[in-house]
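Novice: Sequence plus predicted model, see below.
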Amino acid sequence: MERLRVGGFIGLGIMGSAMAMNIHKAGFPLIVYNRTRSKTEPFAKLGIPVAESPREVAERSDVVIDMVTDAPDVEEVLLGPNGVVHGAHPGL
């Protein structure tokens, strides 16, 4: 059985950054995105790709985990002009 790439993690706040780091430590390939770019720096320093948009996360992932705080922000990340839905592909 082929191992899925967790692939995408959106939202690197207190909870999200710890979760994403654990996914990385478990050996899964990962790409991250955060609206506040500085929160991606610890991941970039480890060689983890940083996406320019949620759309890019979806395009490069088998699974996307969204750890964004409230409904309007979730809606923007998922459905906005560069949202996950615009990069979605079969099986995502």
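Specialist: That came in fine, so what should we check first?
Novice: Which residue ranges of the protein form strands?
Specialist: 7-10, 30-33, 63-66 (DSSP state E).
Novice: hey, what's D66 bridged with?
Specialist: For D66, the beta-bridge partners under DSSP bridges are I10.
Novice: That one against L78, yeah?
Specialist: Yes: using Cβ atoms under 8 Å, D66 and L78 qualify as a contacting pair, with a distance of 6.7 Å. Using the backbone N, CA and C atoms, a C-beta is placed for each residue, glycine as well.
Novice: hey, what's in contact with both of those two?
Specialist: V84 (Cβ atoms under 8 Å, 6 or more residues apart in numbering).
Novice: For F43, which non-adjacent residue is closest in space?
Specialist: V32 (4.9 Å; Cβ to Cβ, 6 or more residues apart in numbering).
Novice: Which pLDDT value does the model give that neighbour?
Specialist: Looking at V32, its pLDDT is 98.
Novice: Now do the contacts for it.
Specialist: Here V32 is in contact with 8-10, 12, 20, 40, 43, 48-51, 57 (criterion: Cβ under 8 Å, 6+ apart).
Novice: Show me what the longest helix along the chain is packed up against.
Specialist: Longest helix in the chain, counting residues (DSSP state H): helix 14-25. Helix 14-25 sits against strand 7-10, strand 30-33, helix 41-45, strand 63-66, with contacts defined as 3 or more Cβ pairs under 8 Å, 6 or more residues apart in numbering; DSSP states H and E.
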